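>>> Sequence and predicted structure below; questions after.
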Amino acid sequence: QGDGATNHLRADCGNNVITFTVNGQAVASVQPTNAPFKLSTDRSLGIGLLAGTVTTKIEVEFDNLVVSELSAEPTLTPTGSKTVFSETFATPSALWFTGKDKQDVMEFASNGTYRITLPQPSSNRLLQPAANNYHDTSSQAEAKITAGPQTSYWGVMCRYSKNGYYDLVIGADGEYAIGKEFKGTFTALVDFKPSSAVKTGLKQVNQIRLDCVGDTLTAFINGQQVDEVKDSDIKWGTPAIEAGSPKAGGGTIVEFSKFVASRP
């Protein structure tokens, strides 16, 4: 906000859905149905930049434009019949936000991971790699918490959109939770509780998976099913990842090494 402020904008166009992201946060998702706005399969159509004003003269400076396809090679084993997105984070990708927003830093690290640094307490980052909206999906990720309080956490999401999301998160203290944010209100479907399936401590690599099929949410940690709940408020959205620092303190660093989403 304000004169001279730098912002990162992204428009993801795929599966006849356009999702708009501002500084790493999804702000809108639309599905055009009428020409000339309906998405075309013609890859010869152009991509460009736009600046405009109503009454006051302005100057806009663009310093970076990246165009890429919404595709990647699978890394984890998909649980569904069709992989919709996958990432190893071995090389930088324009599909993921990189840079500094407020004090948080998102970057591709030299060790081949996607690193999220949260210096302050009570910070939460939700990051989506692709625009396509799905109903039934399985979201999986592999990551580790390398610094911060033991109650730092990371997780995966399904049906992430401007209306909300479902998520599964785990902490370095060995606890997990399943949550829902719907129309600005967060609800703990399963509040934080311990599980022996979690590898505890900093720098421990864990794999988690959240299956969202119909009104059933099923949580897996390192291949072991740990919980299952039902909720029907959120119908559609995109798979995503998240990282968070607790109220007790900041300095949280989470490194993601794999992410894959599939659908039946």
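The structure has been received and is ready for your questions.
>>> quick one, strands of the stretch 151-264 of the chain?
In the stretch 151-264 of the chain, the segments counted as strands under DSSP state E, counting those that start in this stretch are 153-161, 164-171, 175-182, 185-194, 206-213, 216-221, 224-230, 238-244, 252-263.
>>> just checking, what packs against the third one?
Helices and strands touching strand 175-182, by 3 or more C-beta pairs under 8 Å, 6 or more residues apart in numbering; DSSP states H and E, are strand 164-171, strand 185-194, strand 216-221, strand 224-230. Every C-beta, even on glycine, is put in place using the N, C-alpha and C of the backbone.
>>> and the third one, what other elements does it pack with?
Counting contacts by 3+ C-beta pairs under 8 Å, 6+ apart, strand 216-221 is packed against strand 164-171, strand 175-182, strand 206-213, strand 224-230.
>>> Next, the angle from it to strand 206-213.
Strand 216-221 runs at 170 degrees relative to strand 206-213, counting by axes from the mean of the first three to the mean of the last three C-alpha atoms, to 10 degrees.
>>> ok, now the longest one?
Using the same axes, to 10 degrees, the inter-axis angle of strand 185-194 relative to strand 206-213 is 130 degrees.
>>> Mind giving me the packing neighbours of strand 185-194?
Where contact means 3+ C-beta pairs under 8 Å, 6+ apart, strand 185-194 is packed against strand 175-182, strand 224-230.
>>> Reformat those into CSV and put mean pLDDT, distance to S86 and mean neighbour count next to each item.
Formatted as CSV, these follow (pLDDT from 0 to 100; distance: least, C-beta to C-beta, whole Å; neighbours: other C-beta atoms under 10 Å):
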stretch, mean pLDDT, distance to S86, mean neighbour count
strand 175-182, 97, 23, 20
strand 224-230, 97, 22, 14
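>>> Find the nearest non-adjacent residue to T218, please.
The shortest distance from T218 to any residue other than its chain neighbours is 4.3 Å, reached at D211 (C-beta to C-beta, 6 or more residues apart in numbering).
>>> From Q225, how far out is the one you found?
Distance, D211 to Q225, using C-beta to C-beta, to the nearest Å: 9 Å.
>>> which neighbours do these two share?
Common contacts of D211 and Q225 (C-beta atoms under 8 Å, 6 or more residues apart in numbering): T218, A219.
>>> What's the first helix or strand after whichever strand or helix holds E107?
Secondary-structure assignment from DSSP states H and E places E107 in strand 104-108. Next helix or strand after strand 104-108 toward the C-terminus (DSSP H and E): strand 114-118.
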